[in-house]
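Enquirer: A structural model of the following input is requested.
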Amino acid sequence: MSPVEAFHAALDRSATTADAEVLLPDRIAAACVAVLPFDAAGLSMTLLPDRRLPLGSSDPMAATAERLQFALGGGPCTAAHRAHAPVLAINEDLAAQWPVYATQLTAHTPYRTVLSLPVGDPLSGAVVLDLYRRSAGRPGPAVLAAVADVAQACGATLTTALAADTDLELGLPPTLRSPAIAARQTVWQAIGHTTVELQISSTDALAALRGLAFRHDTDLETIAGRILRGEVDPRSDTTG
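Expert: Predicted structure coming up:
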């Protein structure tokens with residue numbers, strides 16, 4: 001059985017065993033882990049600079065890794081999206097290129113290797129697959145070839161599902177109505193609040209939120225919620 005055939009078989013099995021709360025992007029990520037020699041996986045979509053949505057993850061720790069990268073504004077996923085090419089980084093690569101992210105990744109997750117690459121067309125310009133390993137090591141050519149094939153299948157599967165979704169709510173189809181995306185939307189709301197409070201641009205507001213998240217040792221979603229609840233004042237960085 002080829003890696004792509006194994007991927008589709010794993011995805012089909014998950015359709016019959018997953019509960020109703022498990023959306024397709026999460027099942028796609030889990031199927032990647034089932035057929036590839038990686039410990040976790042995640043999918044994210046970037047349509048505008050600094051506007052990334054966490055589509056799905058194989059487990060909560062993979063979701064944490066994505067939130068850390070988004071909060072810090074850089075990492076393998078961002079690099080893969082910008083270069084439209086795979087980016088492989090083991091622990092020393094992470095430390096050299098994204099030292100703050102490497103420190104946070106080590107502190108909050110067990111992962112020491114990250115492989116990020118665009119999924120297959122037509123979503124290749126927007127959606128990136130992140131694969132995580134607990135061990136530090138560079139995958140061989142056969143593994144990289146299998147990853148590329150499965151990433152193509154991820155893109156095709158997600159495209160088919162999104163094309164079939166016509167029931168939009170707040171601009172989101174059912175496939176993307178996840179708690180992770182709802183939490184990410186609070187970041188945009190907090191950016192809007194901060195632009196008004198500080199009379200700054202949305203870019204500067206996002207930078208301010210990232211600074212707050214770093215100083216509070218948390219992710220952007222958490223700091224955004226605290227701002228919107230009035231627990232953190234972006235003007236003075238004091239808790240209420």
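Enquirer: residue contacts, D50?
Expert: By Cβ atoms under 8 Å, 6 or more residues apart in numbering, the contact set of D50 is 73, 203, 206. Using the backbone N, CA and C atoms, a C-beta is placed for each residue, glycine as well.
Enquirer: What of R27?
Expert: 11, 14-15, 18, 56.
Enquirer: And these, which two are furthest apart?
Expert: A15 and G56 (14.3 Å; Cβ to Cβ).
Enquirer: thinking again about what came up before, secondary structure and neighbour count for the contacts of D50 - can I get that in CSV?
Expert: Formatted as CSV, the contacts of D50 follow (DSSP: H, G, I helix; E, B strand; the rest coil; neighbours: other Cβ atoms under 10 Å):
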residue, secondary structure, neighbour count
G73, coil, 17
T203, helix, 12
L206, helix, 22
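Enquirer: if we can go back for a sec, what's the PyMOL line that selects buried ones from the contacts of R27?
Expert: To isolate the buried subset of the contacts of R27 in PyMOL, counting by 16 or more other Cβ atoms under 10 Å, use the following:
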select buried, resi 11+14+56
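Enquirer: Which members of the contacts of R27 are positioned in strands?
Expert: G56 (DSSP state E).
Enquirer: Out of the contacts of R27, the closest to G120 would be?
Expert: L11 (14.5 Å).
Enquirer: where does this structure dip in pLDDT?
Expert: Scanning the chain with the threshold set as pLDDT under 70 gives 18-21, 165-172, 236-240.
Enquirer: Longest strand in it, by number of residues?
Expert: Determined from DSSP E, the single longest strand within the chain is strand 40-48.
Enquirer: Give me the distance between that strand and the centre of its chain.
Expert: Taking Cα atoms, centre = their mean, to the nearest Å, one finds the center of strand 40-48 at 4 Å from the center of the full chain.
Enquirer: So which bits of it are buried?
Expert: Within strand 40-48, the residues scored as buried using 16+ other Cβ under 10 Å are 40-46.
Enquirer: for stretch 135-143, same thing?
Expert: Buried-residue list, stretch 135-143, by 16+ other Cβ under 10 Å: 139, 143.
Enquirer: Just the element for C154, please.
Expert: Assigned by DSSP states H and E, C154 belongs to helix 141-164.
Enquirer: what's the angle from that helix to strand 40-48?
Expert: Interaxial angle, helix 141-164 versus strand 40-48 (axes from the mean of the first three to the mean of the last three Cα atoms, to 10 degrees): 50 degrees.
Enquirer: Can you pull out the residues in contact with helix 141-164?
Expert: By Cβ under 8 Å, 6+ apart, helix 141-164 touches 2-4, 7-8, 11, 24-25, 28, 32, 35-37, 43, 55, 86, 88, 115, 117-124, 127, 129, 131, 139, 173, 175-176.
Enquirer: how about 7 Å then?
Expert: The contact list for helix 141-164, computed with Cβ atoms under 7 Å, 6 or more residues apart in numbering, reads 3-4, 7-8, 11, 24-25, 28, 32, 35-37, 43, 115, 117, 119-124, 127, 129, 131, 173, 175.
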